[in-house]
Structure formats: structure tokens, C-alpha cells
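**Q** Pasting a predicted model and its sequence here:
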Amino acid sequence: SAVISQKPSRDICQRGTSLTIQCQVDSQVTMMFWYRQQPGQSLTLIATANQGSEATYESGFVIDKFPISRPNLTFSTLTVSNMSPEDSSIYLCSVRGRSTDTQYFGPGTRLTVL
Amino acid sequence: AQRVTQPEKLLSVFKGAPVELKCNYSYSGSPELFWYVQYSRQRLQLLLRHISRESIKGFTADLNKGETSFHLKKPFAQEEDSAMYYCALSGSVRGATNKLIFGTGTLLAVQP
């Protein structure tokens, strides 16, 4: 399984600001994903981060609000832009295993927007 | 529409009692089903997947295509099994493969 780290682990931000979350994997992976887990809710896929091209966003999520970068096969960033209290969530990065359909998850970034 | 349903938000059992965490799914193709577990203050981790047909930590889950279910079972619960359990489905959606669709989760509390 892949070892995934995320930075920051948590942050408290002011309304209207932006936060960039980093995801680092210890091996090259084809597919990286960003999920959101709102308080008391399940995980919802935000987008698939594609290396060398634009991310693929799920319904309800747009690039202007959640820009994603994927400069190489081991790293991705998710930015939460112009934050509001409704963006308070845990944001998780996940990767797909090289030879399986299994996804492995990072520890998450707990974001609180005041 | 693809959907995963976990009808119980909380399941409380006594140590040594059998456990069954329910999961039903809706999917038009041939899905991959998974159970993920999140222990207190730990990251989400894979518990088992239906393709492997394995038993992990005493847990098993059988895919029942007729009932579209993938219930998680353990004959004798242990206190260390207390955690949040998520059922998840992987399938191809709008050309995007491997999207995981999660249920809302069931909190398993094993009482001493």
C-alpha cells in the first residue's frame, strides 16, 4: 500500500481567504482523488486529479472554487478558495493502488472556517 | 443512480455478540464493493473487498447480487472493533473509472 501524507493536518481560517492542501505519496500513482467529509456526513468525491491535464470534477464542484494541481505522479494540491463556514470539513486525498482497484487514504486535513 | 445505503447510524453490541453491519447498493453494472474502517483518531483504511473473499480481523462480507447487499459480519465482537465502518462501491461513472461512492457509515460500539 502507498504511504500518503497531507499538509496541513488542520487549520483555522478566516472567511474569504484561501487554503492550499498538499498531498504527497511515497510512490508514483496513476490516479489521485480529493474527497470532502463534512461534519457528520460521509465522504464525497470532489475531483480526480489527473497528471498533466485538468482535474475532472464531480457534480456540484467547480474548478474556480476547488482548483487542483497535479504536477507529477507523486504530488497534488487542492485549494479551497474564498472560504465560507460551509467549507468547514475534513479534506482527504486518496490514491489508487498500482495493481488493484483499492484506494488508500491520507490522514486528512481538518479545516475550520470562521 | 449509483448509491450505497447503510441504514444504521449506530450499532451497539456487547463483547462476544455477533455483529452484522448492513450495506445495500444500487448500481447498474458489476460493482466492486469495499468496507473501510476508521478507528478513533486514525485514518480511513481498507478493511476488505469483495473480490478478495478474505476474512480480516474476523470480519467477512459476501456480495449478494440478488439482494444487492454486502453486509459485514463478525461472529464475536471485540472491544477493539469499535469504530466507524463505511461501505463503498467502485464503478465507472461518466467515463471516470474507480470513483468510490460511500455510504453514510455505521458507528459500531462494542460494550464490555
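**A** That came in fine, so what should we check first? Numbers count the residues shown, from 1 in each chain, chains lettered A, B, ... in the order given.
**Q** any idea how far A:S81 is from chain B?
**A** Relative to chain B, A:S81 is positioned 23 Å away (criterion: Cβ to the nearest Cβ, to the nearest Å). Where C-beta positions appear, they are placed from N, C-alpha and C, glycine not excepted.
**Q** OK, contacts around the nearest residue to that residue once chain neighbours are set aside?
**A** Nearest in space to A:S81, with sequence neighbours left out and distances taken as Cβ to Cβ, 6 or more residues apart in numbering or on different chains, is A:S18 at 4.7 Å. By Cβ atoms under 8 Å, 6 or more residues apart in numbering or on different chains, the residues touching A:S18 are A:79-83.
**Q** same thing with B:K9?
**A** B:104-107 are the contacts of B:K9 under Cβ under 8 Å, 6+ apart.
**Q** what does chain B put close to chain A?
**A** B:32, B:34, B:36, B:43-46, B:49, B:51, B:86, B:90, B:96, B:98-105 (Cβ under 8 Å from any Cβ of the partner chain).
**Q** picking that back up, got a PyMOL select line for the buried ones in the contacts of B:K9?
**A** To isolate the buried members of these in PyMOL, using 16 or more other Cβ atoms under 10 Å in any protein chain shown:
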select buried, chain B and resi 104+105+106
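**Q** So which bits of the lengthiest strand in chain B are buried?
**A** Ranked by residue count and defined by DSSP state E, the top strand of chain B is strand B:83-93. Buried positions in strand B:83-93, judged by neighbour count with 16+ other Cβ under 10 Å: B:83, B:85-91, B:93.
**Q** go on, stretch B:21-33?
**A** So stretch B:21-33, judged by 16+ other Cβ under 10 Å, has buried residues B:21-25, B:27, B:31-33.
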